[in-house]
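In: got a predicted model here, sequence first, then my questions.
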Amino acid sequence: MYAKCGSLEDARKVFDTVCERNILVWNAMIKEYAQKGPCEEALGLYYRMQKEDIQPDNFTFPYVLKACGNLLALQEGKWIHHHIVRNGHERNVYVGNALIDMYAKCGSLEDARDMFDKLSEPDVVSWTVMIVGYAQNGHVNEALELFRRMQTTLVQPNPVTILSVVSVCRHLRDLHVGKSIHNFTIRRGFDTELSVRNCLIDMYLKCGRIDLARGMFDRMSGRNVVSWSTMIAGYTQNGHALEALEFFRQMQEANVKPNSVTITNVLPACAQLGDVERVKWIHDFAVSNGFESDISVRNSLIAMYAKCGNVENARQVFDKMPKRDVVSWSAMIAGYSQNDNGHEALVLFNQMQQAGVKPNSVTLLSVLSACAKLGALQQGKWVHDYVADNGMHFYISLQNSLLDMYAKCGEMEIARKVFEQISTRDVVSWNAMISGYSQNGYANETLTLFHQMQLARMLPDSVTMVSLLLACAHLGTLQQGKLIHDYVIKSELESDVFVGTALIDMYNKCGSVHIGRQFFDKMSERDLVSWNAMIAGYGMHGHGQDAVELFNQMQQTGVKPDHIIFVCILSACSHAGLVDEGWRLFDCMSRDYSITPRVGHYACLVDLLGRAGRLQQAHDFIKRMPLQPDSRVWGALLGACRIHNNIELGECVAKQLFDLNTKDAGHYILLSNIYAAAGKWHDAAKVVSMMKDKGLKKTPGYSVIEVERTVHTFLSGDRSHPQSQKIYAMLETLSAQMETAGYVPNVNDVLHDVEEKVKEHILYGHSERLAIAFGLINTSPGTTIQITKNLRVCGDCHSATKFISKIVRRKIIVRDAYRFHHFKDGFCSCGDYW
């Protein structure tokens with residue numbers, strides 16, 4: 001009586017006072033604990049019952065097995081199964097059903113199926129429990145097959161069987177099978193069951209057929225709160241947020257009182273619209289209708305405020321919660337991580353641990369995302385250890401996030417180890433590894449891994465394509481890029497705006513800005529990043545006027561520029577020497593678009609003035625900056641001092657950079673080069689010594705060329721290539737022809753204190769010349785030679801390439817660290833302004 005009235009504590013007191021307890025008394029108490037918890041008490045009573053020599057019966061075992069299933073206590077369940085066999089109860093259908101259910105809940109489907117097959121006459125519960133077990137463990141095909149087999153027997157399904165099978169169709173999103181199950185329910189009369197109708201509606205919504213779901217809903221005579229809540233969730237999940245909110249309004253007009261599930265279903269619709277005011281309105285509704293105390297509603301409010309970018313309101317809801325579960329902490333941590341506040345996410349994660357709340361896989365995914373964004377390698381490694389220590393490594397989502405975190409922290413060797421340890425890789429696993437290689441500059445490894453992905457018969461998606469195109473853009477490998485483009489077309493991904501933008505970027509960075517523009521013009525949908533990619537492309541090719549015209553066209557279409565696009569257009573002006581245009585654009589940022597210039601914009605303007613030779617004006621501009629100039633600003637001016645050989649200002653600027661404790665070896669190299677160009681070898685050596693004392697190393701220069709879809713890399717003075725002898729013979733021939741044509745080596749570009757002849761020999765072996773010679777040897781006459789260099793091309797190589805282009809009558813395209821140079825007939829597209 002006490003137990004049925006909900007007072008387990010009083011029931012237990014009565015139980016403990018009974019002197020002679022029979023099997024009925026034991027079963028009653030074990031049943032209540034198994035159904036209401038704590039389930040550990042049910043198991044404790046079972047063991048105590050045995051000690052008192054009370055023999056369990058066919059009712060005891062199902063209750064105890066239910067407790068094991070709820071606790072996911074597989075080993076305990078197997079031990080009790082042993083008791084059942086010993087006591088001769090295994091063939092009892094009720095006990096057998098309980099064993100099937102226990103094994104299925106514990107994920108041991110082989111044991112569950114073995115038990116099912118042992119039953120001589122399985123009843124409807126047996127079939128249903130086994131079908132549900134398959135469905136809940138993700139074995140949806142097996143669940144459907146078992147349901148088909150059930151129809152060949154005399155056992156008739158019940159509403160629970162039908163619900164489980166419809167749920168399988170919902171999970172599979174298989175409309176054809178779902179419709180056949182719907183027809184089955186009509187033939188067998190199950191369609192009158194409200195729970196079955198609600199489940200069918202949900203199935204149609206999961207299959208994307210809102211029309212069929214709405215038709216069923218409209219024909220229902222006895223809709224309940226579940227019916228309305230299901231429709232609201234379905235509209236939201238199918239991207240119809242406004243319809244979901246309208247349905248919520250109609251629900252209230254129909255005098256159907258929402259429950260907490262309705263509230264958690266309607267909140268995502270507000271977040272989908274990015275409308276924080278609607279979230280606030282639902283929040284007020286929840287408070288006034290007594291739902292705010294429901295922890296699931298509060299958790300949903302936290303998540304939806306965060307998705308709308310209002311982390312402050314999310315935190316207020318979180319802080320006011322009297323009791324928080326793991327979902328509460330996870331939602332708040334995710335909110336911080338999603339809104340680029342990784343530091344707060346990690347602080348809250350530490351507080352969560354101090355509060356004794358054990359994180360789940362969802363929590364760790366958000367923490368790893370924060371680590372990846374912050375580059376917090378040590379915290380990420382701690383999460384990795386936690387995953388391994390707590391047996392969570394089988395979650396593929398966690399393995400993929402670990403891989404992504406290591407890649408974003410630049411630890412590609414560890415990332416690859418994680419990748420290799422994933423037993424069943426999905427497309428996300430491959431994408432994370434490919435993207436990691438691509439973003440860390442391992443372009444060759446990116447393309448190699450893609451070929452392995454194809455061999456593994458894994459179908460790439462748009463994310464894969466973007467990463468591959470980024471790799472081709474990094475290497476400047478046009479032939480590889482065109483192959484990827486062909487694959488994009490075959491995969492029908494060309495209309496994807498992200499893939500389209502990556503294609504524009506690839507063509508621009510592979511020297512084919514005209515193809516980039518052709519593709520840009522035929523895009524049906526462009527976002528701000530697409531415009532940005534094309535403007536940046538024009539900038540790196542020195543087509544400043546085209547970049548400005550495209551920027552003006554963008555404004556006319558109503559697309560509002562952001563701070564990033566202003567960096568690109570200012571950079572384009574800098575490369576083309578459009579000083580007045582650059583000033584105008586810089587001024588219009590704040591005047592016309594209320595964009596406050598950032599340090600990056602000031603650096604662009606300093607670069608613009610410096611390249612144009614207005615060094616003092618650039619220096620004065622820096623002094624008037626309302627922001628503290630950083631290494632980008634001073635670095636731009638130092639680069640200009642190197643171009644124009646201004647030692648005095650260069651020394652002043654370098655001091656500012658060194659005071660900032662810059663870790664960029666390039667700044668030391670620039671000052672050293674300024675000294676070396678002026679013949680101040682002692683001062684140049686001192687700067688190099690300073691650089692080495694700080695543990696900084698000069699980035700070695702290299703050049704890359706793609707021939708027959710194979711990438712070849714050359715270092716300065718490189719003789720390791722199999723065709724090295726032919727390459728140097730070609731250079732010797734070219735040098736003689738160049739000298740006849742009037743070429744005079746500019747030994748000032750050799751920044752070493754050595755003899756003139758030695759300097760000429762050093763120039764002779766620069767990496768870009770080796771790559772050009774290789775290209776001439778291995779391509780047919782008239783073929784364009786295209787190379788990519790990781791550093792700024794030196795003045796002498798620039799002059800030499802002009803001569804070579806005229807002698808061999810070929811177009812030569814060189815992409816250096818700053819821009820493109822298109823050489824033809826002895827001229828360069830940059831007009832010697834770079």
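Out: Yes, it's here.
In: okay, CA-based contacts and neighbour counts for the rest of this
Out: Fine.
In: list the contacts of Thr60.
Out: 27, 30-31 (Cα atoms under 8 Å, 6 or more residues apart in numbering).
In: inside helices: which ones of these?
Out: Residues from those lying in helices, with DSSP state H as the criterion: 27, 30-31.
In: give me the below-cutoff pLDDT ranges for this protein.
Out: 1-7, 747-760 (pLDDT under 70).
In: quick one: the strands in it?
Out: With DSSP state E as the definition, the chain shows strands at residue ranges 702-707, 710-715, 785-789, 812-815, 820-824, 827-828.
In: what residues does the fourth one touch?
Out: Contacts made with strand 812-815 from outside it, assessed by Cα under 8 Å, 6+ apart, are listed as 476, 509, 511, 784-789, 801, 805, 820-824.
In: show me the two of those residues that sit farthest apart.
Out: The largest separation in the contacts of strand 812-815, counting by Cα to Cα, is between Lys509 and Ser805 at 20.8 Å.
In: hmm, back to that, can I get the strands of the chain in JSON lines including distance to Asp659?
Out: Shown next, in JSON lines, are those (distance: least, Cα to Cα, whole Å):
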{"stretch": "strand 702-707", "distance to Asp659": "30"}
{"stretch": "strand 710-715", "distance to Asp659": "33"}
{"stretch": "strand 785-789", "distance to Asp659": "30"}
{"stretch": "strand 812-815", "distance to Asp659": "32"}
{"stretch": "strand 820-824", "distance to Asp659": "33"}
{"stretch": "strand 827-828", "distance to Asp659": "38"}
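In: Leu172 is nearest to which of the ones you listed?
Out: Nearest of the strands of the chain to Leu172, taken as Cα to Cα: strand 710-715 at 43.1 Å.
In: quickly run through the sheet partners of the closest one, with directions.
Out: Taking DSSP bridges as the criterion, strand 710-715 forms sheet pairs with strand 702-707 (antiparallel).
In: the partner strand versus strand 785-789: what angle between them?
Out: 150 degrees (axes from the mean of the first three to the mean of the last three Cα atoms, to 10 degrees).
In: if you count neighbours, what's buried in strand 702-707?
Out: Buried positions in strand 702-707, judged by neighbour count with 16 or more other Cα atoms under 10 Å: 702-707.
In: hmm, back to that, Lys694 is nearest to which of the strands of the chain?
Out: Between the strands of the chain, strand 702-707 lies closest to Lys694; by Cα to Cα that is 24.0 Å.
In: give me the contacts around that closest one.
Out: Contact with strand 702-707 is made by 475, 477-479, 711-716, 767-768, 771, 775, 778-779, 786-791, as judged by Cα under 8 Å, 6+ apart.
In: if you set the cut-off to 6 Å instead, what comes out?
Out: 477, 711-715, 767-768, 787-789 (Cα atoms under 6 Å, 6 or more residues apart in numbering).
In: I'd like to know how far the residue lying closest to Gly335 once chain neighbours are set aside sits from Glu581.
Out: Nearest non-adjacent residue to Gly335, counting by Cα to Cα, 6 or more residues apart in numbering: Ala306, 4.7 Å away. Distance, Ala306 to Glu581, using Cα to Cα, to the nearest Å: 41 Å.
In: which one's more surrounded, these two?
Out: Ala306 (26 against 17; other Cα atoms under 10 Å).
In: related to what we said a few turns ago, and which of the contacts of Thr60 is nearest Leu194?
Out: Of the contacts of Thr60, the one sitting nearest to Leu194 (Cα to Cα) turns out to be Lys31, at 29.0 Å.
In: ok, the spatially closest residue to that closest one that is not a sequence neighbour to Met29 distance?
Out: Nearest residue to Lys31 in three dimensions, chain neighbours excluded: Tyr63, at 5.3 Å (Cα to Cα, 6+ apart). Distance of Tyr63 to Met29, given as Cα to Cα: 10 Å.
In: same question, Ile762
Out: Ile762 sits 92 Å away from Met29, going by Cα to Cα.
In: of the two, who's got more company?
Out: Met29 (20 against 16).
In: mind listing what that one touches?
Out: Taking Cα under 6 Å, 6+ apart, we find Met29 in contact with no residue.
In: run the last query once more with 8 Å
Out: 3, 11-12, 15, 42.
In: next one: Cys308
Out: Cys308 is in contact with 271, 274-276, counting by Cα under 8 Å, 6+ apart.
In: just give me the neighbour total for Glu413.
Out: By other Cα under 10 Å, the residues close to Glu413 number 11.
In: let me fix that, I meant to ask about Asn350.
Out: 11.
In: relative to Arg12, how far out is Ile30?
Out: Relative to Arg12, Ile30 is positioned 10 Å away (Cα to Cα).
In: cool, and Ala370?
Out: Plainly put, Ala370 is 48 Å away from Arg12 if you go by Cα to Cα.
In: those two: which is more packed in?
Out: The residue with more neighbours, out of Ala370 and Arg12, is Ala370; 28 against 15, by other Cα under 10 Å.
In: wait, that one touches Gly342, no?
Out: Yes - counting by Cα atoms under 8 Å, Ala370 does reach Gly342; the two are 4.5 Å apart.
In: quick revisit: Lys509 and Ser805: which has the busier surroundings?
Out: Higher neighbour count among Lys509 and Ser805: Lys509, with 27 against 22, using other Cα under 10 Å.
In: dump the residue contacts of the closest residue to that one other than its chain neighbours.
Out: Distance criterion Cα to Cα, 6+ apart; nearest residue to Lys509, sequence neighbours excluded, is Ala473 at 5.3 Å. Going by Cα under 8 Å, 6+ apart, Ala473 touches 481, 505-510.
In: quick revisit: including distance to Ser293, could the contacts of Met29 go into TSV?
Out: Below are those laid out as TSV (distance: Cα to Cα, whole Å):
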residue	distance to Ser293
Ala3	26
Ala11	29
Arg12	30
Phe15	34
Ala42	30
